[in-house]
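Asker: What shape does this take:
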Amino acid sequence: TDRFNALKPTLAEYLSNSHLPDKVIENFVKVVNGYKLPSIFYNELSDKFLFKQFLRIIEYSALAMNLIVEHPALIENLLSKKMFYKDYDSVTAGSNFRELMFILSCQYTLGLIDEAKVSEWLSVFIESKIRSTFNHLETGDNVFVAGLGSFALHDVNFKSDIDLIVVAADVEKQKGSDEVFQQFINDLQKKLFPIEIDFRLRPEGKSSPLVWDAQNYAKYLNNRAGIWEFQSLIKSNFICGDKKLFNRFTSIVFNALKKKPEKDIKFAVAEMHSKSTQQKFGSLGSSIDIKNSAGSFMTLDYLLTLKLLAAAGKREMFVGGRKKIKLMKSVFETTEHILNGYLFLKKILFGLQIVANWNKAKLPTDNSILTELCSFIGVESVDQLQRKLRGIFLENQKLFTKNLENFG
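Answerer: Purely as a prediction, here's the structure:
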């Protein structure tokens, strides 16, 4: 009681300036109830700076709170001040994926790191777990694992799925490979829970074997693959296994794509964009999706695809392993304008994941959550958020249309 009373002046000061004082008190009680020795907990929080940082975390980070409630021992990363380490090796030393998620969510909430740093550290950590798990498999030689999608460009977030493909030199020599790699998926899923590990981007989709060989991949790409599959494969990033085979694989993709007429690429990208985006920007609420609305992340991805596929006769179009921001800077002419819009969308996405533990890219209709989001990301009001999103979406859509018209 005495130790808690010593904290009360700092707590009262924080609550008087808090946007959500009731939430702070409620979450404070949850954390204390989950800690076995409250007196020790209070004693550690006698550090006024640490206490205020803790209060901001429990006010704004629903993601961190959810992790603490499920795994109370995670709070030790705050009390030991490991949470304030600034280099990757110190943060990840002895950490499992859940601890890393907690530390990064807290650091992001406190403004110690930005979205790019979160994406980079999560990507590097996931790659390390894939390599260590792969090294324990009895796969034989001549097989590789590669990342696709946002993972290939180190652009993941707290709720990303991880897309992978596995390719062998000769699948007939990889007896039982599907069973081996199914176990690989299961092991990875345990190590990286709650992130999903997905192999759905392999040829023929979910019903096909997990492991394809280079020869059959070549036949598929030359005869049946759609442009959207090339869109994914030109961003593939080697993670582990046979690097020579991976280089051979990228040559297969390159040679198959060179045979595609420009008019077919242009038509396919336009059709894919039209089908996968919501073409109208409605009032703020359920119709706003910062991933799938026209002009949102999806439009930017298709714009990037157009730029890369315009170089279909050049090896430089293969961009796996390059960071998304650097890639956008090198590809887009009007860099600053596009990047500012992209970074704002990413700030909203990360903000929703932090303040609401949100799994979707669609904005919630709950005005209280939107108000909390605005407070967290530094936007004056929900109306201002709507106006800014509308401007970004319209500009991105215009740019995509212009580049589509000029393609080829």
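
Asker: What segments of the stretch 301-408 of the chain are helices?
Answerer: Secondary structure of the stretch 301-408 of the chain by DSSP state H, counting those that start in this stretch: the helices cover 324-331, 335-356, 367-377, 382-405.

Asker: just so I know, which of these lies nearest residue 271?
Answerer: helix 382-405 (10.9 Å; CB to CB). C-beta here means a position set from N, CA and C on the backbone, and glycine is covered the same way.

Asker: buried sites along the closest one?
Answerer: For helix 382-405, burial by neighbour count (16 or more other CB atoms under 10 Å) applies to 385-386, 389, 392-393, 396-397, 399-400, 403-404.

Asker: In a markdown table: the helices of the stretch 301-408 of the chain, plus mean pLDDT.
Answerer: Output for those, formatted as a markdown table (pLDDT from 0 to 100):
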| stretch | mean pLDDT |
| --- | --- |
| helix 324-331 | 78 |
| helix 335-356 | 91 |
| helix 367-377 | 92 |
| helix 382-405 | 90 |
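
Asker: Output stretch 87-95 as CSV, restricted to C-alpha atoms.
Answerer: Extracted in CSV, the C-alpha atoms of stretch 87-95 (Å, rounded to 0.1, in the frame of the first residue of the first chain):
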residue,chain,number,x,y,z
ASP,A,87,19.7,-2.2,-31.5
TYR,A,88,18.2,-5.3,-33.1
ASP,A,89,20.7,-7.8,-31.5
SER,A,90,19.9,-6.6,-28.0
VAL,A,91,16.2,-6.6,-28.5
THR,A,92,16.1,-10.1,-30.0
ALA,A,93,18.6,-11.7,-27.8
GLY,A,94,16.8,-14.5,-26.0
SER,A,95,13.4,-13.3,-27.3
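
Asker: in it, what's buried?
Answerer: Within stretch 87-95, the residues that count as buried by 16+ other CB under 10 Å are 91-92, 95.

Asker: Residues in contact with it: which ones?
Answerer: 82, 85, 100, 103-104, 121, 124-125 (CB atoms under 8 Å, 6 or more residues apart in numbering).

Asker: follow-up on the earlier one: next, format the buried residues of helix 382-405 as a markdown table and append distance to residue 354.
Answerer: Conversion of these to a markdown table gives the following (distance: CB to CB, whole Å):
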| residue | distance to residue 354 |
| --- | --- |
| 385 | 16 |
| 386 | 20 |
| 389 | 18 |
| 392 | 20 |
| 393 | 23 |
| 396 | 24 |
| 397 | 28 |
| 399 | 29 |
| 400 | 29 |
| 403 | 33 |
| 404 | 35 |
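
Asker: what's the closest of those residues to residue 229?
Answerer: residue 404 (19.7 Å).

Asker: can you pull the contacts of that closest one?
Answerer: Residue 404 is in contact with 266, 269-270, 306, counting by CB under 8 Å, 6+ apart.

Asker: Show me which of the buried residues of stretch 87-95 is closest to residue 211.
Answerer: Closest to residue 211, out of all of the buried residues of stretch 87-95 and judged by CB to CB, is residue 92, at 29.8 Å.

Asker: my read: residue 304 touches residue 331, true?
Answerer: Yes: using CB atoms under 8 Å, residue 304 is in contact with residue 331, at 6.3 Å.

Asker: which of those two has more neighbours?
Answerer: Between residue 304 and residue 331, counted using other CB atoms under 10 Å, the more crowded position is residue 304 (21 against 17).

Asker: any idea how far residue 263 is from that one?
Answerer: For residue 304, the distance to residue 263 equals 20 Å [CB to CB, to the nearest Å].

Asker: And for residue 356?
Answerer: In terms of CB to CB, residue 356 sits 44 Å off from residue 263.

Asker: same deal with residue 256?
Answerer: 17 Å.

Asker: Those two: which is more packed in?
Answerer: residue 256 (20 against 10).

Asker: My guess is the more buried one contacts residue 227. True?
Answerer: No: using CB under 8 Å, residue 256 is not in contact with residue 227; the gap is 11.0 Å.

Asker: could I get the contacts of residue 404 as CSV with distance to residue 77?
Answerer: Below are these laid out as CSV (distance: CB to CB, whole Å):
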residue, distance to residue 77
266, 50
269, 44
270, 48
306, 43
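
Asker: what stretches of the stretch 151-300 of the chain score poorly on pLDDT?
Answerer: Residues of the stretch 151-300 of the chain that meet the criterion pLDDT under 70 lie in 173-176, 204-207, 278-287.

Asker: Could you look up the SS state of the residue most central in space within the chain?
Answerer: The structure's the chain has its C-alpha centroid closest to residue 156; by CA atoms, centre = their mean the separation is 2.0 Å. Under DSSP: H, G, I helix; E, B strand; the rest coil, residue 156 falls in the coil class.

Asker: Identify the residues contacting it.
Answerer: 119, 122-123, 126, 150, 162.

Asker: Distance from the chain centre to stretch 26-41, please.
Answerer: 31 Å (CA atoms, centre = their mean, to the nearest Å).

Asker: Can you list the buried residues in it?
Answerer: 27-28, 31, 34-35, 41.

Asker: Report the distance from stretch 145-153 to the chain centre.
Answerer: A distance of 11 Å separates the centroid of the chain from that of stretch 145-153, by CA atoms, centre = their mean.

Asker: Please report how far the closest residue to residue 44 other than its chain neighbours lies from residue 72.
Answerer: Excluding its sequence neighbours, the residue lying closest to residue 44 (CB to CB, 6 or more residues apart in numbering) is residue 79, at 4.5 Å. Using CB to CB, we find residue 79 at a distance of 12 Å from residue 72.

Asker: For this structure, which segments are assigned as strands?
Answerer: 143-148, 162-168, 197-198, 211-213, 237-241 (DSSP state E).

Asker: Adding mean neighbour count, write the ones you listed out as JSON lines.
Answerer: Putting the strands of the chain into JSON lines (neighbours: other CB atoms under 10 Å) gives the following:
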{"stretch": "strand 143-148", "mean neighbour count": "25"}
{"stretch": "strand 162-168", "mean neighbour count": "24"}
{"stretch": "strand 197-198", "mean neighbour count": "18"}
{"stretch": "strand 211-213", "mean neighbour count": "20"}
{"stretch": "strand 237-241", "mean neighbour count": "20"}
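
Asker: Dump these into TSV; add distance to residue 183 as well.
Answerer: Listed next are those as TSV, based on distance: least, CB to CB, whole Å:
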stretch	distance to residue 183
strand 143-148	14
strand 162-168	12
strand 197-198	12
strand 211-213	13
strand 237-241	16
